[in-house]
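Asker: Pasting a predicted model and its sequence here:
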Amino acid sequence: MDLAKRVDALRAALEEHAWRYYVLDAPAITDAEYDRLFGELSAIEAEHPEFQTPDSPTLRVGAQALDAFEPVRHAVPMLSIRTETDFGSEGAVAFDARVRRELEVSASDAPIEYIGELKFDGLAINLRYEKGLLCRAATRGDGETGEDVTANARTVGQIPLRLRGAAQPDVLEVRGEIYMKRSDFERFNARASRLGEKPLSNPRNGAAGSIRQLDSKIAAARSLSFFAYGLGEIQGWTLPETHAGVLDALDAMGFPVCRERAILHGPAELAEFHRRVGEARSRLGFDIDGVVYKVNSLALQRRLGFVSREPRWAVAHKYPPEEAYSTVVGIDVQVGRTGVLTPVARLAPVSVGGVVVSNATLHNEDEVRRKDVRVGDTVVVRRAGDVIPEIVRVVVEKRPDSASEFVMPKTCPVCASAVERVEDEAAVRCTAGLYCPAQRKQALLHFASRRAIDIEGLGERIIDQLVDGALVETPADLYRLDSATLATLERMAEKSAANLLDAIQKSRKTTLARFIYALGIRNVGISTAKDLARHFGRFDDLVKADEVALQRVDDVGPVVADSIVCFLKEAHNLEVIKRLKDAGISWEEGDGAPSAEEGALSGKTFVLTGTLPTLSRDDAKALIEAAGGRVSSSVSKKTGYVVAGESPGSKLDRANALGVPVLSEAQLRALISP
């Protein structure tokens, strides 16, 4: 094989598939196939460095760390544009009036054609291409001089390393915005939280901070995106006649160009574009702080020129600020459907993003401590679209002497039951899962689910009506329902009611494992419920067990044992369990069987993640259990091994963070049969 031709073929294929994945959002191959091609190219370049070129896709993973960024003087200054601070239609009217005045166009003449775009909230960047190859990327800086961030820009999958098309300009500088999608921002912070690392404060800072990392491998690990929206220096390329034509040309060259753009005529259409985008703002998936109007004709742009280093032919029409100052007048605690207690700050009402805000989530007790939010503090509040408002930071210098610290309650504010906080978790939970009104619907849905008590036909719609109509409060109340009561529900025909009552009747006979699982004890899944039933044999013995006794059960560690004890010592839960027994719920009981079968994996707990080469998830589980091992769904300090296949998830990250050994399928088989 001609190695040079193979390298060219791999490079072309990887760039094509990267363009389809990042720009078109229409991948043509699987991630595994892409990784295989990438691995082959990486191996060739490692063995033959002479084949590596500046446009190689392998450079997207990051390069050697820099000592500092080199300054770059822009051939064409990166100027800012004027901002309209009037958030209503008057901003559009004022801009159109200025343009018509400068062009000496009267109100009776044909309206001027504009193009409306989004004003992205990220980091402006200038990408320089020579003969179609990316040779330099620079930040805006002061507009005249920026910083060379080429190594970091190469890691952004949406930035083409080589332009598409046969004929390429001698020099083409493309201006655009590097930004972070909200989903990538949330994913990064979730991972940082799991690993005990510092989270990003917001998507904009995430993008700007990533591009200005001296180590490009850090930038590569933070999923960034890019939109092109303008030009810098150009040599050897005939420009289209309009800005819309420029964007279309950039799209054809392989640049991502935001689809939320429109050709507009006159001030009324400008204002309507501003309003329409504002309504869709929360659904965009990335942050913006306004829209941009530009005169579409490049010839008219040249006629209008600049004033005070700002183009006369463009303006940013912003939206109301999404951050504002307020005062914390109190901190309440809300209880969610799963029993999690969430601190919520009560604020002095303030307009944020055009909406009056009087509450802001504080997420959990750790977040309150991290931000050091106290009653009486002056705080900065942020709201993005329809996202729940949150406190960004405390203005400590304005803190009054009377400011008081938050204390998480020891009992549930809804039902007064005990609360628990599990080690290594941020959440505090109410332990009265069967009784607490805040958890009522969730508890009933879980109780009736297929792997629990299995009441066929009792779904979310019916449970909503039963709870909202005060017909059912706890699972025990399901066994008091009759046809007359069910007849009051919407869309409940006589036959449907009879079928549901029959399913409820059948559910009275169950198994101990199903009953334990149906209680909805935190951290007790169906597998653990089976282990508990097999170990204790009798429900009363389970109730009497302390944490030491519980940890003798396979796959039950301190966290699970604590959850079980907290749940079963709560008087409200025991009362509901008694009522369930009184209603006729029964199961066969017998002597426990605490000793586990001996085998090569006896006493060891495994977690499976990713796709294994030859074993399905069920086959791998059966193989482990046949050798005396246990399979758990989550990674903890007690996990013996994580078996990882292709495309592993966050469980692998958790294993690495905890130092849990990671095995391949082959290593697992070797462990079973040395």
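Answerer: Yes, it's here. Please read all numbers here as calculations on a predicted model, not as lab measurements.

Asker: What sits closest to Ala244 if chain neighbours are left out?
Answerer: Ile115 (5.2 Å; C-beta to C-beta, 6 or more residues apart in numbering). (C-beta placed from N, C-alpha, C; glycine too.)

Asker: Give me the neighbour count for the one you found.
Answerer: By the criterion of other C-beta atoms under 10 Å, Ile115 has 22 neighbours.

Asker: Mind listing the strands the helix or strand hosting it pairs with, and their directions?
Answerer: Per DSSP states H and E: Ile115 is located in strand 113-120. Here strand 113-120 has these sheet partners by DSSP bridges: strand 262-265 (antiparallel), strand 288-295 (antiparallel).

Asker: Show me the contact partners of it.
Answerer: Contacts of strand 113-120 with the rest of the structure, by C-beta atoms under 8 Å, 6 or more residues apart in numbering, involve 96, 177, 179, 227, 229, 242-244, 247, 258, 260-265, 269-270, 273-274, 277, 284, 286-297, 316, 318.

Asker: filter those residues to the buried ones?
Answerer: 96, 177, 179, 227, 229, 242-244, 247, 258, 261-262, 264, 269-270, 273-274, 277, 284, 286-297, 316, 318 (16 or more other C-beta atoms under 10 Å).

Asker: Contacts only, for Pro437.
Answerer: So Pro437 contacts Val414, Cys415, Glu473 (C-beta under 8 Å, 6+ apart).

Asker: Apply 10 Å and report the result again.
Answerer: Pro437 is in contact with Val335, Cys412, Val414, Cys415, Val467, Glu473, Thr474, counting by C-beta atoms under 10 Å, 6 or more residues apart in numbering.

Asker: Now the first one: phi and psi?
Answerer: Note on Val335: its backbone torsions stand at phi -110, psi 120 [degrees, to the nearest 10].

Asker: What helices and strands are in contact with the lowest-mean-pLDDT helix or strand in the chain?
Answerer: When each helix and strand of the chain is scored by mean pLDDT, DSSP states H and E, helix 31-47 comes last, with a mean of 71. Applying 3 or more C-beta pairs under 10 Å, 6 or more residues apart in numbering; DSSP states H and E, we find helix 31-47 packed against helix 3-18.

Asker: helices or strands up against whichever strand or helix holds Val174?
Answerer: Counting by DSSP H and E, the element that carries Val174 is strand 171-179. Contacts defined by 3+ C-beta pairs under 10 Å, 6+ apart place strand 171-179 against strand 113-120, strand 123-130, strand 133-139, helix 203-211, strand 225-235, helix 243-252.

Asker: Please identify which of these is closest to Ala190.
Answerer: helix 203-211 (13.1 Å; C-beta to C-beta).

Asker: Give the buried residues for that closest one.
Answerer: Pro203, Arg204, Gly206, Ala207, Ala208, Gly209, Ser210, Ile211.

Asker: Next, the angle strand 133-139 makes with that helix.
Answerer: 120 degrees (axes from the mean of the first three to the mean of the last three C-alpha atoms, to 10 degrees).

Asker: Can you point out the buried residues in the helix or strand that helix 203-211 is followed by?
Answerer: Downstream of helix 203-211, the next assigned helix or strand under DSSP H and E is helix 216-221. Along helix 216-221, these residues count as buried under the neighbour rule (16+ other C-beta under 10 Å): Ser216, Ala219, Ala220.

Asker: How far does helix 216-221 sit from its chain's centre?
Answerer: Relative to its chain's centre, helix 216-221 lies at 19 Å (C-alpha atoms, centre = their mean, to the nearest Å).

Asker: still on that earlier bit, partners of the helix or strand following the least confident helix or strand of the chain, with directions?
Answerer: Note on helix 31-47: by DSSP H and E, the next helix or strand toward the C-terminus is strand 71-73. Sheet pairing of strand 71-73 (DSSP bridges) gives strand 145-147 (antiparallel).

Asker: Quick check: buried residues in the partner strand?
Answerer: Neighbour-count burial for strand 145-147, with 16+ other C-beta under 10 Å as criterion, is recorded at Gly146, Glu147.

Asker: sorry, back to before: can you name the two of the contacts of Pro437 that sit furthest apart?
Answerer: Among the contacts of Pro437, Cys412 and Val467 lie farthest apart (C-beta to C-beta), at 17.7 Å.

Asker: So for those two, which residue has more residues nearby?
Answerer: Between Cys412 and Val467, counted using other C-beta under 10 Å, the more crowded position is Cys412 (26 against 17).

Asker: any idea how far the more buried one is from Ser402?
Answerer: Applying C-beta to C-beta, to the nearest Å, the value for Cys412 to Ser402 is 28 Å.

Asker: How about Gly176?
Answerer: For Gly176, the distance to Ser402 - C-beta to C-beta - is 49 Å.

Asker: if you count what's nearby, which of the two comes out ahead?
Answerer: Neighbour comparison, Gly176 and Ser402: the larger count goes to Gly176, with 24 against 8 (by other C-beta under 10 Å).

Asker: for the more buried one, what are its contacts?
Answerer: 120, 122-127, 158-159, 226-230, 250, 255-258.

Asker: Next: Glu50.
Answerer: Going by C-beta under 10 Å, 6+ apart, Glu50 touches Ala4.

Asker: Before I go, just wanted to say thanks for your time.
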